[in-house]
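1. sequence below, structure please.
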Amino acid sequence: MIAILSNTNCDPVIRKVSKGVPCIENVGYGNVLEALLNPVSNVVTGNPDIVIILMDIREYIQDKADYEERIKGFFSDIENAMQPGIRYYISDADYYISYDGDYKGTSIPRRAALIWNQNLYQFVDQHKNGYVFPLHRCVTDLGETEFYSDKAWNLGSIRYSKAGIERICQEILHIASVSAGKIKKVIALDLDNTLWGGVAGEEGLQGIKLADSRIGKAYKDFQSVLLYMKDCGAALTIVSKNNEADAWEIIDKHPHMLIHKQDISAYRINWQSKAANIKELAKEMNVGLNSFVFIDDNPLERQEIKEFLPDVTVPDFPAMPEELPRFGRIILENWFQRNEITMEDREKTKQYQAMHEIEEARTHAADFSSFLKGLQIKVTRQNPAEHLERVVQLVQKTNQFNTTVVRYTQNEVEEMLSSDEWRIFLYNVEDRFANHGLCAEAFVHIGQAPVIENFIMSCRVMGRNIEYGILNDIEKTLAKEGYTSINALYCKGPKNMPVETLYEQAGYIQTNFVELEGKKEYNKLISGEETGQIFVGEVIGS
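-> Numbering: from 1, shown residues only. Here you go, the predicted structure:
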């Protein structure tokens, strides 16, 4: 549920957005703070997950000399009105028809926009559930004269043109999608005429176009955007028809190459079909094909992926190399932008590289038990309250190891953390190859007998018996609290086959459960001394 508030008339925005996601009924405009503070307002009683606050600072400031204090007061009032579990997106400053009387930048519009943004960025730094709505970026995408409408403003206090309304709605719907965890994970990159100009096998190291000037600069700038995406959590992979030695010579030795082997999560450089190579990468990385965005200059290659792998996203490649940096920004904003970049996001490349090394270790191990011992797995319980964003991210994004496929919102998770009726168990996993980060969690409802309502684990640590060690840790913790039995739920989803027999394997017995259609319930007697199923590694409690 989304609430859209403004000090100008945003009815057209609300009507358009509501066609895509549920919106709270219009509460009028100009009463942003009242809507947030009044306990009987539509916004408060509607219990939204997201609040969008679009402020026209020209209308708010009205050229008053006390603009700095007014701005500080606004953010102070928003701070007092904030409720846990709700994400607040406040627009950054775009002062329509700004003007200057000198070249010192002393005008109120110029200074007010600066002060607004300073307060906004300080606000989002101080509040985990505070975010920036990029109004200024929306304006610059279209241009001021296209984004605003003087006629609509004078006739109906509507600041934006039809094109401006459309652009704002696109951004709001994108925010809703990101908040629901609909983010891609992998970029599959061609090499020739994609990462550099020219063909490696023909032009060679010295002949390709990659430089600090001319067309080579466009490719270098594109690589810079891709590296930024990697730092935001996107996994860069290579899918290229090439001689592998020629490709690595350029990647390793070209002086203007920004992306190097350590930045690549996985690769397929050969002469096989790219559809087959992407399917192999998906299996190696343990991600779905719908997690991929395929980037290739060749329209025939793009068409092959569209036909044979329809779940893969295939954007059109720019016609001219100079358009590549802007194309990179579009890829980032459409498919890889996040509400917040977590430590796990920043470590994604190392984690995927470690998965490859783990598979190599599995291949050369004498048996599965030897393989697990060699991994030197260490699982550590963490405080979920300190990692709220990651807790929500895991439950929203994980499909395969997800026992009931329930998607809790941030609001719901915060309510659980503050309730005596819930326990959230969160685990960090590491081995001798890498620290895989916070990648397992369980939501336990406490009643006469505790119930594991949902058990979630990232696909990157599946297949190592970690789940049984975690269940054992949960059981021991609850046994120490005096409970003698524990229940667990499983509900079949479209992709969660890997957990279909999880609870049977862990010693749970299926019961006659008819309260919730489609769900199975399992029960297990527990005690503080119970060791549970054999687990290679260790679980260390918080």
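
2. which other helices and strands does the host helix or strand of residue 71 contact?
-> In this structure, residue 71 sits in helix 67-81 according to DSSP states H and E. Applying 3 or more Cβ pairs under 8 Å, 6 or more residues apart in numbering; DSSP states H and E, one finds that helix 67-81 makes contact with helix 32-37, helix 57-61, helix 108-126. In short, each C-beta sits where N, CA and C put it, glycine included.

3. repeat that with 6 Å
-> If you count contacts as 3 or more Cβ pairs under 6 Å, 6 or more residues apart in numbering; DSSP states H and E, helix 67-81 packs onto helix 32-37, helix 108-126.

4. quick one: low-confidence residue ranges for the protein.
-> Residue ranges of the chain with pLDDT under 70: 27, 63, 351, 354-368, 372, 513-518, 528-542.

5. residue 285: which of the helices and strands packed on helix 67-81 is closest?
-> Nearest to residue 285, of all those, is helix 108-126, at 32.1 Å by Cβ to Cβ.

6. what comes up buried for the closest one?
-> 108-110, 112-113, 115-117, 119-120, 123-124 (16 or more other Cβ atoms under 10 Å).

7. and the contacts of that helix?
-> Under the criterion Cβ atoms under 6 Å, 6 or more residues apart in numbering, residues 57, 61, 63, 67-68, 71, 75, 90, 92-93, 95, 98, 130-132 lie in contact with helix 108-126.

8. if we can go back for a sec, TSV for the helices and strands packed on helix 67-81, including distance to residue 18?
-> Below are these laid out as TSV (distance: least, Cβ to Cβ, whole Å):
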stretch	distance to residue 18
helix 32-37	17
helix 108-126	26
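
9. walk me through the domains of this protein.
-> Listed by automatic domain parsing, the domain ranges of the chain are 2-179, 186-337, 356-540.

10. that's a helix at residue 300, yeah?
-> Yes. When DSSP: H, G, I helix; E, B strand; the rest coil is applied, residue 300 is found to be in a helix.

11. and the angle from the helix holding residue 71 to helix 108-126?
-> Inter-element angle recorded for helix 67-81 and helix 108-126: 30 degrees (by axes from the mean of the first three to the mean of the last three Cα atoms, to 10 degrees).

12. I'd like the next helix or strand past helix 67-81.
-> Next in sequence after helix 67-81, counting helices and strands by DSSP H and E, comes strand 87-91.

13. which elements pack onto that next one?
-> Using 3+ Cβ pairs under 6 Å, 6+ apart: strand 87-91 touches strand 50-54, strand 130-133.

14. circling back to that earlier point, residue 344 is nearest to which of the domains of the chain?
-> The nearest among these, by Cβ to Cβ, is domain 356-540 at 3.8 Å.

15. so what does the nearest residue to residue 520 once chain neighbours are set aside look like in phi/psi?
-> Take residue 520 and drop its neighbours on the chain: the residue closest to it by Cβ to Cβ, 6 or more residues apart in numbering is residue 490, 4.8 Å away. Residue 490 adopts backbone torsions of phi -130, psi 140, taken as degrees, to the nearest 10.

16. from residue 30, how far off is residue 490?
-> The gap separating residue 490 from residue 30 is 50 Å, by Cβ to Cβ, to the nearest Å.

17. more neighbours, those two?
-> Here residue 490 and residue 30 are set side by side on neighbour count (other Cβ atoms under 10 Å), and the busier one is residue 490, at 26 against 15.

18. and the gap between the more buried one and residue 402?
-> The gap separating residue 490 from residue 402 is 10 Å, by Cβ to Cβ.

19. equivalent analysis for residue 440, please.
-> 11 Å.

20. compare the two (neighbour count), which wins?
-> Set residue 440 next to residue 402 and count neighbours by other Cβ under 10 Å: residue 440 wins out with 25 against 22.

21. let's verify that one: helix, strand, or coil?
-> Under three-state DSSP, the three-state class of residue 440 is strand.

22. that one bridge partners, please.
-> Going by DSSP bridges, residue 440 is paired in beta bridges with residue 427, residue 457.

23. am I right that it is in contact with residue 457?
-> Yes. Residue 440 is in contact with residue 457 according to Cβ atoms under 6 Å; the separation is 4.2 Å.

24. contacting residues around residue 44?
-> Applying Cβ under 6 Å, 6+ apart, no residues contact residue 44.

25. please tell me how far it sits from residue 24.
-> Using Cβ to Cβ, residue 44 is found at 10 Å from residue 24.

26. next: residue 55.
-> Residue 55 sits 18 Å away from residue 24, going by Cβ to Cβ.

27. continuing past whichever strand or helix holds residue 220, what's the next helix or strand?
-> Assessed by DSSP H and E, residue 220 sits inside helix 214-231. Next helix or strand after helix 214-231 toward the C-terminus (DSSP H and E): strand 235-241.

28. ok and the helix or strand following that following strand relative to strand 235-241, angle-wise?
-> Counting by DSSP H and E, the element after strand 235-241 in chain order, helix or strand, is helix 244-253. Put simply, helix 244-253 runs at 140 degrees to strand 235-241, going by the same axes, to 10 degrees.

29. and helix 244-253, what's buried?
-> Applying 16+ other Cβ under 10 Å to helix 244-253 flags 246-248, 250-251 as buried.

30. name the nearest of those relative to residue 173.
-> Minimum distance to residue 173 across the buried residues of helix 244-253 is 37.6 Å, recorded for residue 251 (Cβ to Cβ).

31. list the contacts for that closest one?
-> Shown in contact with residue 251 (Cβ under 6 Å, 6+ apart): residue 257.

32. any idea how far residue 384 is from residue 394?
-> Remark: distance between residue 384 and residue 394 (Cβ to Cβ) = 10 Å.

33. just residue 235 next, same as before
-> In terms of Cβ to Cβ, residue 235 sits 17 Å off from residue 394.

34. so what's the backbone phi/psi at the most centrally placed residue in the chain?
-> Nearest to the mean C-alpha position of the chain, by Cα atoms, centre = their mean, lies residue 338 at 4.2 Å. Per-residue torsions, residue 338: phi -120, psi 160 (degrees, to the nearest 10).

35. so where do the helices sit in the stretch 301-450 of the chain?
-> 324-331, 343-346, 348-364, 368-375, 388-397, 410-417 (DSSP state H, counting those that start in this stretch).

36. with distance to residue 177 added, can I get those in TSV?
-> Listed next are these as TSV, based on distance: least, Cβ to Cβ, whole Å:
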stretch	distance to residue 177
helix 324-331	15
helix 343-346	17
helix 348-364	20
helix 368-375	36
helix 388-397	11
helix 410-417	15
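
37. reformat these as TSV; add distance to residue 39 and mean neighbour count.
-> TSV is the format used below for these (distance: least, Cβ to Cβ, whole Å; neighbours: other Cβ atoms under 10 Å):
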stretch	distance to residue 39	mean neighbour count
helix 324-331	42	18
helix 343-346	37	17
helix 348-364	42	17
helix 368-375	53	16
helix 388-397	25	21
helix 410-417	17	20
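
38. show me the one of those that comes nearest residue 146.
-> helix 324-331 (17.4 Å).

39. so what does that closest one touch, helix or strand wise?
-> Where contact means 3+ Cβ pairs under 6 Å, 6+ apart, helix 324-331 is packed against helix 214-231.

40. measure how far the helix it packs on is from the centre of its chain, please.
-> Mean-position distance between helix 214-231 and its chain equals 22 Å (Cα atoms, centre = their mean, to the nearest Å).

41. do the same with stretch 371-382
-> Using Cα atoms, centre = their mean, the offset of stretch 371-382 from its chain centre is 26 Å.

42. alpha carbons only: can I get it in PDB?
-> C-alpha atoms of stretch 371-382 as PDB (Å, rounded to 0.1, in the frame of the first residue of the first chain):
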ATOM      1  CA  PHE A 371      33.900 -32.300   1.000                       C
ATOM      2  CA  LEU A 372      31.900 -30.700   3.900                       C
ATOM      3  CA  LYS A 373      34.700 -31.100   6.400                       C
ATOM      4  CA  GLY A 374      37.100 -29.400   3.900                       C
ATOM      5  CA  LEU A 375      34.900 -26.400   3.600                       C
ATOM      6  CA  GLN A 376      35.400 -25.600   7.300                       C
ATOM      7  CA  ILE A 377      31.900 -24.100   7.600                       C
ATOM      8  CA  LYS A 378      31.100 -21.700  10.400                       C
ATOM      9  CA  VAL A 379      27.600 -20.400  11.000                       C
ATOM     10  CA  THR A 380      27.100 -17.500  13.400                       C
ATOM     11  CA  ARG A 381      23.800 -16.300  14.800                       C
ATOM     12  CA  GLN A 382      23.300 -12.500  14.500                       C
END
